[in-house]
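Chemist: Quick one, structure for this:
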Amino acid sequence: MNATLAASVEGSNPLLNIGVFALFVIITLVIVFRASRNTKTASDYYAAGRAFTGPQNGIAISGDYLSAASFLGIAGAIAINGYDGFLYSIGFLVAWLVALLLVAELLRNTGKFTMGDVLAFRMKQRPVRAAAATSTLAVSFFYLLAQMAGAGGLVALLLGVESSFAQAVVIAVVGVVMIAYVLIGGMKGTTWVQIIKAALLIVGTLAITLWVLGKYGFNFSSLLQAAVDKAGKAGESLLGPGKQYGATGTSKLDFFSLGIALVLGTAGLPHVLMRFYTVPTARDARRSVVWAIALIGLFYLLTLVLGYGAGALVGPDAIKKAPGGVNSAAPLLALELGGPVLLGLISAIAFATILAVVAGLTITASASFAHDVYANVIKRGKTSPDSEVKVARITAVVIGIVAIGGGILANGQNVAFLVALAFAVAASANLPTILYSLFWKRFNTQGALWSIYGGLAITVILIIFSPAVSGKSTSMIKTADFAWFPLSNPGIVSIPAAFILGWLGTILSKEHDEKKYAEMEVRSLTGAGAEKAVAH
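Modeler: Residues are numbered from 1 along each chain as shown. Purely as a prediction, here's the structure:
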């Protein structure tokens, strides 16, 4: 069967795949519609009325975090590059320790709906909120673009659709369903979609993992040996470091830079940070992160079996030649194990993954624009919650349309750099400002503006002039070469630069509000006054 896997995928049952996916969409839309009955206030729309428990929010966070890149990309990376591919899983998981130890509880206590609430607490409202919204929209857009373009790339493999027009239609359908989730259900509906998707993803991957291990007598060593044998001469390199990163000093440095961006970027991802406002207490915020770490950790352990299982049963050569390339490893493994039926279920989970993540990104971006820009910058805080929510819904439609257009344009391109850019921007522009705001008494408005805009500008400029965009056969623009920055991910330069700019901007300004910092410190550590701010 392996020799004709690509043909088998094209000959699989697209109607079955579409049927399973449609069933998921119908069920989740019913749930979203039911959840929308209780969405009446701004707090309901942005923060689900703070009605979710720690475990529920932890499951939703894992649903928000485990994107198509996690499910399809990491399994493929392990199948092709072995040990080096698994390093992505480790980076994504370790990142949660930063979120748990440094930001989760403090953000929940200090803010109301968005990251801008925390940054503007003791600084000049309008410039800082505008900067926070700019950064949030930048991270959300690049992350959204990668997910939407990924949806188009998956179509060829999962539904047997190869024409660019048909893939564009599927991207548009994903966008329309995403807009419906956000418009109808707000944060409450979106959260339930993420909970369902997380449950489907973890149950699906667990079932395949047990199936694969069962084929090798539940002996992981036998599975590794089978993967090595299937890969031929290069098989031994799958078990140790250096297959993807390590051929040159630059590639080692590139991996270190990517690792820093992944580990520090998670604690600055706005759609993850916004989830902390959906729980009633700081204790629930902590519990939700512990639940998220447990579920995400379990999932990334399962990717180890998925990846090596695909390598052993399908083979690296068949994976590379299949429609979708490296991203096809998990679906091809499902086809090998359970035929078209299991492939249909896995395709539904892959689309559910994309839908849930883009819905979370869209509501975050629309909330940031409506709450930070419209309500506090344009209207200077003098607006009703109803008009704010109305603007958020209009913004969600606009963002959805832009994401559909961008996804169609980026379809077929190398979109890995978009995800890297999102993490690098989050780590460079958001995290330094959040940490300085929470922990440095002297920090002020100028420092915040310098670190956000400086981190954003440096990251985007270095990415544009990196090998991720031009100069290599794997670059986005293959026909040009204007790369002068040697690394594909700028984290190793942009993150320290943003911290330095935040420090420099602060010490060059005389603004200093010690009383406001003391108030913020008490609130961030105890939660005292947070409920009052929410009620207001």
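Chemist: alpha carbons only for contacts and neighbour counts from here, please
Modeler: Fine.
Chemist: And D284, how far from G58?
Modeler: With distances taken as C-alpha to C-alpha, to the nearest Å, D284 is found 9 Å from G58.
Chemist: Looking at the two, which is more packed in?
Modeler: G58 (28 against 22; other C-alpha atoms under 10 Å).
Chemist: Please, which helix or strand holds that one?
Modeler: helix 54-65 (DSSP states H and E).
Chemist: Who are the packing partners of the very next helix or strand once past that helix?
Modeler: Next along the chain after helix 54-65, taking DSSP H and E as the criterion, comes helix 68. Helix 68 is packed against helix 329-368, with contacts defined by 3 or more C-alpha pairs under 8 Å, 6 or more residues apart in numbering; DSSP states H and E.
Chemist: Would you mind extracting the C-alpha trace of the helix holding G58 into PDB?
Modeler: Below are the C-alpha coordinates for helix 54-65, written out as PDB (Å, rounded to 0.1, in the frame of the first residue of the first chain):
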ATOM      1  CA  GLY A  54     -10.300  26.200  36.000                       C
ATOM      2  CA  PRO A  55     -10.500  22.700  34.400                       C
ATOM      3  CA  GLN A  56     -12.900  23.900  31.700                       C
ATOM      4  CA  ASN A  57     -10.700  26.800  30.900                       C
ATOM      5  CA  GLY A  58      -7.600  24.600  30.900                       C
ATOM      6  CA  ILE A  59      -9.200  22.300  28.300                       C
ATOM      7  CA  ALA A  60     -10.100  25.400  26.200                       C
ATOM      8  CA  ILE A  61      -6.600  26.800  26.500                       C
ATOM      9  CA  SER A  62      -5.200  23.500  25.200                       C
ATOM     10  CA  GLY A  63      -7.700  23.700  22.400                       C
ATOM     11  CA  ASP A  64      -6.600  27.200  21.600                       C
ATOM     12  CA  TYR A  65      -2.900  26.400  21.800                       C
END
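Chemist: Give me the contacts around that helix.
Modeler: Residues from elsewhere that reach helix 54-65 (C-alpha atoms under 8 Å, 6 or more residues apart in numbering): 191-192, 194-195, 197-199, 271-272, 275-276, 278-279, 283-293, 295-296, 353, 356-357, 360.
Chemist: Filter those down to the buried ones, PyMOL style.
Modeler: Listed next is the PyMOL selection for buried residues among the contacts of helix 54-65, using 16 or more other C-alpha atoms under 10 Å:
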select buried, resi 191+192+194+195+197+198+199+271+272+275+276+278+279+284+285+286+287+288+289+290+291+292+293+295+296+353+356+357+360
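Chemist: Take the contacts of helix 54-65 and keep only those in helices.
Modeler: Members of the contacts of helix 54-65 lying in helices (criterion: DSSP state H): 191-192, 194-195, 197-199, 271-272, 283-293, 295-296, 353, 356-357, 360.
Chemist: before we move on, which element is F482 in?
Modeler: Counting by DSSP H and E, F482 is part of no helix or strand.
Chemist: what's near enough to touch it?
Modeler: Residues in contact with F482, defined by C-alpha under 8 Å, 6+ apart, are F465, S466, S470, G471.
Chemist: Of those residues, which count as buried by neighbour count?
Modeler: F465, S466, S470, G471.
Chemist: As a markdown table, these with pLDDT would be great.
Modeler: Shown next, in a markdown table, are those (pLDDT from 0 to 100):
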| residue | pLDDT |
| --- | --- |
| F465 | 88 |
| S466 | 84 |
| S470 | 77 |
| G471 | 75 |
